[in-house]
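Student: I'll drop the sequence and a predicted model, then ask my questions.
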Amino acid sequence: MTAVAGKDKPYDRLLSGARHRTSRVKGRTLEEEADADRGRVLFSAPFRRLQNKAQVFSLESNAAVRSRLTHSLEVASIGRFVAQQAIKAFSHSELETLGIAGKERPLTTFVETACLLHDLGNPPFGHFGEIAISDWFHLKADSVKVANIATDKLRKWDRYYLDFQHFDGNPQGFRIGTKLQPSETGDLCGLNLTATTLAATLKYPWTSDSVGEKLPGRNGVRKKAGYFHTEQETVDWICATLMIRQGSRHPLVNLMEAADDIAYCVSDIEDGIEKGLIRGPQFAEYMETHAGAALSAAVKGKVNKDARDILRALDLLKEPRCAINGGSVERLTPMQDFHSAVIRFLARNAGVTFRIRQESILEGTEDGLLRDSEASPLLAALKEFAESSLYSSPVVRSREITAQAVLGGLLDAYLPLMCCDRGRFNEALAGHRRDDHGRPIARDSSLMSRISRKYLAVYHEALRRTEDEFKGDSGAAEVMERIHRMRLIVDYVSGMTDEFALRSFQLISGVHVNPNWV
């Protein structure tokens with residue numbers, strides 16, 4: 001997100017404790033506001049549900065293999081370290097000029113909380129779940145569209161419907177944090193986090209109708225959306241509060257993004273070794289071939305100790321077995337040493353780069369702290385190995401089939417509720433067994449009864465606002481009611497854990513019925 005005000009101490013406005021709804025707790029310092037955000041996320045139900053959502057391996061019984069929860073906690077720890085390294089890289093006078101001096105601790109906490117939030121919206125089965133939901137809405141576009149829609153209303157429908165066709169965990173997570181945890185006030189402020197925390201999570205600060213456009217001032221195109229059209233008002237408030245332009249990123253996003261990049265590849269590979277899908281020598285040889293030269297060169301630079309530790313760990317990984325009581329076991333210590341050294345090497349590199357590229361970061365043109373840097377060969381080799389040896393393995397790809405079957409089946413079950421007329425939907429919502437024409441709707445009513453009251457509260461409040469906004473325009477009101485209705489069902493399905501999604505699919509399809517399930 002690009003600065004639009006003067007150059008004097010930009011972080012004075014970029015680090016803010018402002019909340020959309022004024023907090024009932026008065027007189028908190030910026031540090032206390034940042035800590036309060038962290039607590040709100042950690043104690044939230046969606047964050048706890050990440051313990052049963054896949055990082056790579058869905059429905060995993062081995063507790064040593066990461067879930068989205070453990071991954072998010074690791075990213076948060078790395079995020080603090082990256083932020084600390086960034087602050088350490090600046091001189092005292094630079095910290096004063098930028099407006100960071102005296103705000104070092106809240107800055108690191110804002111980054112940590114953004115890291116905790118970064119995967120909050122991931123659906124069941126992770127990235128495969130994202131694809132399954134997106135594919136379903138591509139296939140069902142004609143089935144769910146409002147009938148006999150006028151041309152001007154069709155444009156509104158198409159714009160909002162793109163959000164479903166480009167479904168992603170990033171905008172869903174932003175929606176969870178800003179709406180789907182309503183307080184007792186019913187004001188759609190969700191967790192009511194500070195503008196800075198929310199801005200620091202917006203890795204892609206644009207909507208789905210911008211996907212495919214060229215990135216201004218940068219290479220590449222916009223591949224994903226960061227928020228849905230239904231949350232545009234919240235983004236407008238963030239930009240106005242922090243005085244940043246629409247479509248550009250907040251500086252702290254770069255630190256959160258670097259932490260995620262550092263965490264996921266090496267951690268996923270470690271999990272692959274834990275599950276026996278990857279052998280240590282195979283991984284070590286690949287890394288030496290594709291990143292050894294760059295690491296050897298780095299040994300002569302300022303980060304020589306970290307690079308030397310990485311090369312030493314790779315040497316040990318070539319001989320991964322050691323004798324214990326006459327037998328042999330896999331040596332995990334070399335991989336743990338490698339993991340730690342990689343985190344140090346990449347985090348310190350990202351921190352220094354944050355200082356060096358501060359001008360482009362404030363302008364919103366930065367394309368990633370770990371790109372085109374001394375760390376690039378190592379990170380690229382990690383990603384390429386994970387893609388070729390882990391993500392394409394039969395064990396992982398089988399999860400994609402499961403995700404398509406389960407999530408497609410759940411959405412199929414709710415399809416009649418998405419596309420029926422408003423009267424029938426209201427009768428099902430009320431729990432009636434027949435609609436206003438006397439037709440049986442017992443199954444639809446049962447399906448509606450499974451949806452959380454929190455999601456229903458958000459639907460009703462969004463509907464109330466829609467009716468106020470479009471008084472006298474029944475066509476626009478009908479379009480938006482259908483959008484909010486579909487959003488209600490996607491909120492429910494995407495919020496499920498892997499296990500609950502599978503159980504719900506089995507119950508709805510009649511594949512396996514347990515009388516104790518609810």
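Tutor: Received the coordinates, thanks. For clarity, every value in this text was computed on a predicted model and none was experimentally measured. Numbers count the residues shown, from 1 in each chain.
Student: Show me the shaky parts of the stretch 401-518 of the chain.
Tutor: Scanning the stretch 401-518 of the chain for pLDDT under 70 picks out the ranges 513-518.
Student: Return the distance of the longest helix along the chain from the chain's centre.
Tutor: Longest helix in the chain, counting residues (DSSP state H): helix 394-419. The chain centre lies 20 Å from the centre of helix 394-419; the measure is C-alpha atoms, centre = their mean, to the nearest Å.
Student: Repeat that for stretch 141-152.
Tutor: With C-alpha atoms, centre = their mean, you get 31 Å for stretch 141-152.
Student: what kind of secondary structure is the most centrally placed residue in the chain in?
Tutor: Residue closest to the average C-alpha location in the chain (C-alpha atoms, centre = their mean): residue 119, at 3.2 Å. Assigned by DSSP: H, G, I helix; E, B strand; the rest coil, the conformation of residue 119 is coil.
Student: List the contacts of it.
Tutor: 50, 68, 71-72, 75, 169, 173 (C-beta atoms under 8 Å, 6 or more residues apart in numbering). Backbone N, C-alpha and C define where each C-beta goes, glycine included.
Student: List the buried residues in the longest helix of the chain.
Tutor: 396, 399-400, 402-404, 406-411, 413-419 (16 or more other C-beta atoms under 10 Å).
Student: same check, this time on stretch 372-383
Tutor: By neighbour count on 16+ other C-beta under 10 Å, the buried set for stretch 372-383 is 373-375, 377-383.
Student: Distance check, residue 175 against residue 120.
Tutor: According to C-beta to C-beta, to the nearest Å, residue 175 and residue 120 sit 9 Å apart.
Student: so what's residue 487 up against?
Tutor: Residues in contact with residue 487 (C-beta under 8 Å, 6+ apart) are 228, 230, 459, 462.
Student: typed the wrong thing, it's residue 67
Tutor: Residue 67 neighbours (C-beta under 8 Å, 6+ apart): 50-55, 60.
Student: again, 6 Å this time
Tutor: 51, 55 (C-beta atoms under 6 Å, 6 or more residues apart in numbering).
Student: For beta bridges, what are the partners of it?
Tutor: residue 54 (DSSP bridges).
Student: which non-adjacent residue is nearest residue 340?
Tutor: residue 309 (7.8 Å; C-beta to C-beta, 6 or more residues apart in numbering).
Student: three-state assignment of that neighbour?
Tutor: Applying three-state DSSP: residue 309 is helix.
Student: hmm, back to that, now the buried residues of stretch 372-383 in TSV, with pLDDT, distance to residue 488 and secondary structure?
Tutor: TSV is the format used below for the buried residues of stretch 372-383 (pLDDT from 0 to 100; distance: C-beta to C-beta, whole Å; DSSP: H, G, I helix; E, B strand; the rest coil):
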residue	pLDDT	distance to residue 488	secondary structure
373	79	44	coil
374	81	48	coil
375	83	43	coil
377	90	46	helix
378	90	44	helix
379	90	39	helix
380	91	41	helix
381	92	44	helix
382	92	39	helix
383	91	36	helix
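Student: re earlier: may I have the phi/psi pair for the residue nearest to the centre of the chain?
Tutor: The phi and psi torsions at residue 119 (degrees, to the nearest 10) take the values phi -110, psi 20.
Student: What pLDDT does the model give it?
Tutor: Turning to residue 119, the model gives it a pLDDT of 93.
Student: That one and residue 160, how far apart?
Tutor: 25 Å.
Student: likewise residue 476?
Tutor: Distance from residue 476 to residue 160, by C-beta to C-beta: 11 Å.
Student: which of these two has more neighbours?
Tutor: Taking other C-beta atoms under 10 Å, residue 476 and residue 160 do not tie; residue 160 has more neighbours (22 against 17).
Student: quick one, domains of this structure?
Tutor: Domain assignment for the chain by automatic domain parsing gives 11-123+168-252, 277-393.
Student: I'd like to know which of the ones you listed is closest to residue 511.
Tutor: Distance to residue 511, taken as C-beta to C-beta, is lowest for domain 11-123+168-252 among the domains of the chain, at 15.2 Å.
Student: Can you list the low-confidence ranges for the stretch 101-250 of the chain?
Tutor: Checking the stretch 101-250 of the chain against pLDDT under 70 turns up 182-187, 217-218.
Student: Do you have the helices of it handy? List them.
Tutor: 104-117, 126-139, 141-144, 151-165, 169-178, 195-201, 232-242 (DSSP state H, counting those that start in this stretch).
Student: just the stretch 301-450 of the chain next, same as before
Tutor: With DSSP H, counting those that start in this stretch as the criterion, the stretch 301-450 of the chain has helices spanning 304-317, 333-356, 358-363, 376-386, 394-419, 422-429, 442-448.
Student: related to what we said a few turns ago, and the furthest pair within the contacts of residue 487?
Tutor: 228 and 459 (14.2 Å).
Student: of these two, who's got more company?
Tutor: Ranked by neighbour count (other C-beta under 10 Å), residue 228 and residue 459 place residue 228 first, with 25 against 19.
Student: Pull the contacting residues for the nearest residue to the more buried one once chain neighbours are set aside.
Tutor: Excluding the flanking residues, the one nearest residue 228 by C-beta to C-beta, 6+ apart is residue 163, at 4.4 Å. The contact partners of residue 163, by C-beta under 6 Å, 6+ apart, come to 208, 228-229.
Student: circling back: rebuild the contacts of residue 487 as TSV, extending it with distance to residue 316.
Tutor: Below are those laid out as TSV (distance: C-beta to C-beta, whole Å):
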residue	distance to residue 316
228	47
230	51
459	55
462	56
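Student: Now intersect these with the strands, please.
Tutor: Of the contacts of residue 487, none are assigned to strands by DSSP state E.
Student: Can you pull the phi and psi angles for residue 247?
Tutor: phi 90, psi 0.
Student: Hmm, residue 206 and it touching each other?
Tutor: Yes. If you go by C-beta atoms under 6 Å, residue 247 and residue 206 touch, sitting 5.3 Å apart.
Student: what about residue 102, how many neighbours?
Tutor: 11.
Student: let me fix that: residue 91
Tutor: Neighbour tally, residue 91, other C-beta under 10 Å: 9.
Student: if I look at it, how far off is residue 425?
Tutor: 61 Å.
Student: do residue 155 as well
Tutor: Residue 155 is 24 Å from residue 425, by C-beta to C-beta.
Student: Of those two, which one has the most company?
Tutor: Comparing residue 155 with residue 425 by other C-beta under 10 Å, the one with more neighbours is residue 425, at 21 against 12.
Student: gap between the more buried one and residue 279?
Tutor: Taken as C-beta to C-beta, the span from residue 425 to residue 279 is 54 Å.
Student: still on that earlier bit, which of the domains of the chain has the highest mean neighbour count?
Tutor: Using mean count of other C-beta atoms under 10 Å, the stretch among the domains of the chain with the largest mean neighbour count is domain 11-123+168-252, at a mean of 20.
Student: got the end-to-end distance for that one?
Tutor: Criterion C-alpha to C-alpha, to the nearest Å; first-to-last residue distance in domain 11-123+168-252 is 10 Å.
Student: now do stretch 416-429
Tutor: 13 Å.
Student: got the contact list for it?
Tutor: 143-144, 435-436, 441, 444-445, 448, 486.
Student: For that stretch, what is the distance to the chain centroid?
Tutor: The mean C-alpha position of stretch 416-429 is separated from the chain mean by 31 Å, C-alpha atoms, centre = their mean.
Student: element containing the closest residue to residue 101 other than its chain neighbours?
Tutor: The shortest distance from residue 101 to any non-neighbouring residue, by C-beta to C-beta, 6+ apart, is to residue 95 (4.1 Å). Following DSSP states H and E, one finds residue 95 within helix 92-98.
Student: Tell me how far residue 461 lies from residue 230.
Tutor: From residue 461 to residue 230 the distance is 12 Å (C-beta to C-beta).
Student: try residue 361
Tutor: From residue 361 over to residue 230 (counting by C-beta to C-beta), the distance is 29 Å.
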